[in-house]
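Student: okay, predicted coordinates and the sequence, questions at the end:
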Amino acid sequence: MAAKLGRTEVLSLLSLSCACVGVLANTFQGDGEPLIASVAFSGLAFSFTYALIRWLGPAFKRAGFKGKDLSKLRQPEIPETMGAVCAIVYLFIIIVFVPWPFYKDIVAATSGGGNRDVVFELQQVETGRLLHKFPHSKLASYLSAILSLQSVVLLGIGDDLFDIRWRHKVLIPAFASIPILIVYFVDFGVTKMVVPTFLRPYLGELFDLGWLYYVYMAMVSIFCTNSINILAGVNGIEVGQSLVIAFLIVFNDALYLSPFTPYPHPATDSHLFSLYLLLPFIGVSVALLMHNWFPAKVFVGDTYCYFAGMVFAVDGILGHFSKTLILLLLPQGFNFLYSAPQLFHIIPCPRHRLPHFNPRTGLMECSIVEFKKPLARPIAEVLKLLHRLRLLRIETNEKGEVVSSTNFTIINLWLVWFGPLREDRLAMGLLAFQTGCGLAGLFVRHRMALWVFTQDNL
Ligand code: UD1
Ligand code: MG
C-alpha cells in the first residue's frame, strides 16, 4: 500500500472537505440545523480517516500493529488495528459536534448572541427567555455516550496489543456501559416491557423487569461488541457487517422523522440522537472499508469490532430501541449460539476459526477442527445429526468415530452450503444475508408487531 495519497485522491478528499466546511459554516442560523451539520461532519470524518489510514499505516506496522493475511498465497504482513484510527477520528468529530444539537438552546438561553451579561427586566424574566431550560439531560446523554465509547476503545487497543484472554475481556463492555445506564436511569428509567397479547392474561399489559432491565442492557453491550469480533476473519466482513447494521438503523431512524412521521412525535428526539451518533460512524467506516475490502491493505483489529459494537449498544440504549437493535443483529446472534460449543470449550476451539485458503484453487474452504481425543458419545451423536441436517460437515473414521468437523461459525456454514468461494464473493454473500435478515427484522418489527402487540410505536 502506498503511504502517499495519489493526486486524484488528494483532490477528491480536499474538495469533499471544503464542501463540508462550507456546509458547516452555513449551519449557524435558525435552529442550527444539527442534522445537516452531522452529515457534513461525517464527510469530514471520512476524509480524515481515509488520509490518516494511509499516512499512519507504516507507523502502525513499525510499532508492531501488524498481522498476516492468512488467506493469501504469500500471506503478506499488513497494518492492523486501523479501527483505532477510525475510533479516534470519530470521537474527536462527535466531541466537536456537541454544540450543534444545542445551538438553539444556547442561543435561546443566553441573550440571543451568546453574551450572558445582558440584564433582563423582572417582567421579562417571569414570562420570557430565562425560563427556557437548557436540556442538561440531553447533554448528559451525549457525554455519557462519549465516555462509554472511549472506555471500550481503550479495551480494544489493549486487546490488539496484548491479546487479552476471552474470559478476562468479556465483562469490560458491561463496565464501559455504566455511564449510559446511569443516564438511562435518571433520564428515562423505563424498565417495563410491553407484553405480547397472548401472554397478557398471565403477565398483564406491561411487565416490570426492574433492575434486571439494567442487567439486560449491560448484556446488550457485551453481546454487540463480542459478536462482531467473532464474525470475522474474511477481508471486509467486520466493517461490512457494521456498515449494513448502521445503514439499517439509519433507515429505521428515518421512519421516525418527517416526512414519514409528523414532527412532535415522542420518539423523534431519540432517533435524531441516534443519527448524530451513526452518521459519523458511517463516514469513518466507509473509509476503512475501502482499505479493508478484498484484497485487504489493512486490518481493522479488535479495536474496530469493540468500537462498532459499542456504538450500536450506546445508540440502541440511549435511543430506546435496544430490542429493534437485537433484531438487526440476528445473524450475529445465531453465530454466537452456533459458536457456543467452541466458545465454552465443549468442543476444542483453535486459535483461528477463519476459513481455510486453498492455495491451489485460490478459493476459501471450510476450516476444520480435528479431535485428537474421541468425543463423548452424546456429543458425537449431536454432531452426526447436525451433519445430516447440513448444519455442519464432519468426517468419521472406519470405526464410525467423529475425527473432525468444520469450525462452528456461520462463515464456515456458508461455505458448507455454497463453497468453495473466492474471498470477496464469500464476504458479499454474507453481507447480502445480513441485509436480508435486517430488512426482514425491520418489517416484522413494524408490520407484524401488530399481531403480537396491540400497537406499533411509529
Ligand atoms: C476472532 C475469532 C477467530 C478468528 C479471528 C479472525 C473466535 C472465538 N475468534 O479471534 O476464530 O480467526 O477473529 O479475525 O471466533 N485475519 C485474516 N484475514 C482477515 C482478518 C483477519 O487473515 O480478513 C487474521 C490476521 O492474521 C489477523 C488476525 O486474523 O492478524 C486477527 O485476529 P484477532 O482479531 O486477533 O482474532 P480474535 O478476535 O481473537
Ligand atoms: Mg478480532
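Tutor: Structure received. Numbers count the residues shown, from 1 in each chain. Ligands and ions are numbered 1, 2, ... in the order given.
Student: find the nearest non-adjacent residue to the residue of the stretch 301-450 of the chain found nearest ligand 2, please.
Tutor: Among the residues of the stretch 301-450 of the chain, residue 302 lies nearest to ligand 2; the distance is 4.3 Å by Cβ to the ion. C-beta here means a position set from N, CA and C on the backbone, and glycine is covered the same way. In space, residue 302 comes closest to residue 159 once its chain neighbours are excluded; the distance is 4.4 Å by Cβ to Cβ, 6 or more residues apart in numbering.
Student: in what helix or strand does the one you found lie?
Tutor: Element membership of residue 159, judged by DSSP states H and E, is helix 136-162.
Student: follow-up on the earlier one: can you report how many residues neighbour the residue of the stretch 301-450 of the chain closest to ligand 2?
Tutor: Burial of residue 302, expressed as a neighbour count using other Cβ atoms under 10 Å, amounts to 28.
Student: who are the neighbours in contact with it?
Tutor: Residue 302 sits next to 81, 83, 156, 159-160, 229 when contact means Cβ atoms under 8 Å, 6 or more residues apart in numbering.
Student: in CSV: those residues, plus pLDDT.
Tutor: Formatted as CSV, the contacts of residue 302 follow (pLDDT from 0 to 100):
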residue, pLDDT
81, 93
83, 95
156, 90
159, 89
160, 89
229, 93
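Student: closest to residue 180 among those residues?
Tutor: residue 156 (17.4 Å; Cβ to Cβ).
Student: ok, that closest one to residue 328 distance?
Tutor: As for residue 156, its distance to residue 328 is 21 Å (criterion: Cβ to Cβ, to the nearest Å).
Student: restrict the contacts of residue 302 to those near ligand 2?
Tutor: Restricting the contacts of residue 302 to those adjacent to ligand 2 (criterion: Cβ under 5 Å from the ion) gives residue 229.
Student: weed out the non-buried ones from the contacts of residue 302.
Tutor: Among those, those buried by neighbour count (16 or more other Cβ atoms under 10 Å) are 81, 83, 156, 159-160, 229.
Student: elements contacting the helix holding residue 159?
Tutor: Applying 3 or more Cβ pairs under 8 Å, 6 or more residues apart in numbering; DSSP states H and E, one finds that helix 136-162 contacts helix 83-97, helix 172-176, helix 178-187, helix 268-292, helix 301-318.
Student: quick one: buried residues of it?
Tutor: By neighbour count, with 16+ other Cβ under 10 Å as the criterion, the buried positions of helix 136-162 are 138, 140-142, 144-153, 155-160.
Student: what of stretch 184-197?
Tutor: Within stretch 184-197, the residues that count as buried by 16+ other Cβ under 10 Å are 184, 191, 194-195.
Student: how about the strands in this structure?
Tutor: Listed in chain order, the strands of the chain (DSSP state E) span 66-68, 77-79, 192-194, 206-208, 356-358, 363-365, 368-370, 394-396, 402-406.
Student: parallel or antiparallel, which strands does the first one pair with?
Tutor: Same thing as strand 66-68. Sheet neighbours of strand 66-68, with direction, are listed as strand 77-79 (antiparallel) (DSSP bridges).
Student: which residues in the stretch 1-150 of the chain form helices?
Tutor: With DSSP state H, counting those that start in this stretch as the definition, the stretch 1-150 of the chain shows helices at residue ranges 7-25, 34-62, 83-97, 103-109, 122-127, 136-162.
Student: make a markdown table from these and add distance to residue 415 to it.
Tutor: Formatted as a markdown table, the entries for the helices of the stretch 1-150 of the chain read as follows, by distance: least, Cβ to Cβ, whole Å:
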| stretch | distance to residue 415 |
| --- | --- |
| helix 7-25 | 35 |
| helix 34-62 | 29 |
| helix 83-97 | 26 |
| helix 103-109 | 51 |
| helix 122-127 | 70 |
| helix 136-162 | 27 |
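Student: of all the ones you listed, which one is nearest ligand 1?
Tutor: For these, the distance to ligand 1 is smallest for helix 136-162, at 7.1 Å, taking Cβ to the nearest ligand atom.
Student: just the helices and strands packed on helix 136-162: most buried one?
Tutor: When neighbours are counted by mean count of other Cβ atoms under 10 Å, the highest per-stretch mean among the helices and strands packed on helix 136-162 falls to helix 301-318, a mean of 28.
Student: chain center to that one: distance?
Tutor: From the chain centre to the centre of helix 301-318 is a distance of 4 Å (Cα atoms, centre = their mean, to the nearest Å).
Student: nearest spatial neighbour of the residue in the chain that ligand 1 sits nearest to, skipping sequence neighbours?
Tutor: Closest to ligand 1 within the chain is residue 67: 2.2 Å, counting by Cβ to the nearest ligand atom. In this structure, residue 67 finds its nearest non-sequential neighbour in residue 80, 4.2 Å apart by Cβ to Cβ, 6+ apart.
Student: what residues are up against the one you found?
Tutor: If a contact means Cβ under 8 Å, 6+ apart, then residue 80 has 60, 65-67, 160, 298-301 as its contacts.
Student: separation between it and residue 3?
Tutor: Distance, residue 80 to residue 3, using Cβ to Cβ: 16 Å.
Student: residue ranges with poor pLDDT in the stretch 51-200 of the chain?
Tutor: Applying pLDDT under 70 to the stretch 51-200 of the chain flags residues 108-132.
Student: at 80 what do you get?
Tutor: 104-134, 166-167, 188-189, 193-200 (pLDDT under 80).
Student: interface residues of it facing ligand 1?
Tutor: Residues of the stretch 51-200 of the chain lying close to ligand 1 by Cβ under 6 Å from any ligand atom are 67-71, 80.
Student: which pair of the residues you listed spans the longest distance?
Tutor: In those, the most distant members under the criterion Cβ to Cβ are 71 and 80, with 14.8 Å between them.
Student: so who does the closest residue to residue 84 other than its chain neighbours touch?
Tutor: Of all residues beyond its chain neighbours, the one nearest residue 84 is residue 303 (4.7 Å), with distances taken as Cβ to Cβ, 6+ apart. Listed by Cβ under 8 Å, 6+ apart, the contact set of residue 303 reads 81, 83-84, 87, 153, 156-157, 159-160.
Student: widest-spaced pair of the residues you listed?
Tutor: Among these, the pair separated by the greatest distance (Cβ to Cβ) is 87 and 159, which sit 12.8 Å apart.
Student: which residues touch the nearest residue to residue 193 once chain neighbours are set aside?
Tutor: By the measure of Cβ to Cβ, 6+ apart, the closest residue to residue 193 outside its immediate chain neighbours is residue 207, 5.2 Å from it. Taking Cβ under 8 Å, 6+ apart as the criterion, residue 207 is in contact with 192-193, 195.
Student: what of residue 156?
Tutor: For residue 156, the set of contacting residues under the criterion of Cβ under 8 Å, 6+ apart consists of 83-84, 87, 301-307.
Student: swap in 6 Å and give it another go.
Tutor: Neighbouring residues of residue 156 by Cβ atoms under 6 Å, 6 or more residues apart in numbering: 302-303, 306-307.
Student: restrict those residues to contacts with ligand 1.
Tutor: On the criterion Cβ under 6 Å from any ligand atom, residue 302 are the entries of the contacts of residue 156 that sit beside ligand 1.
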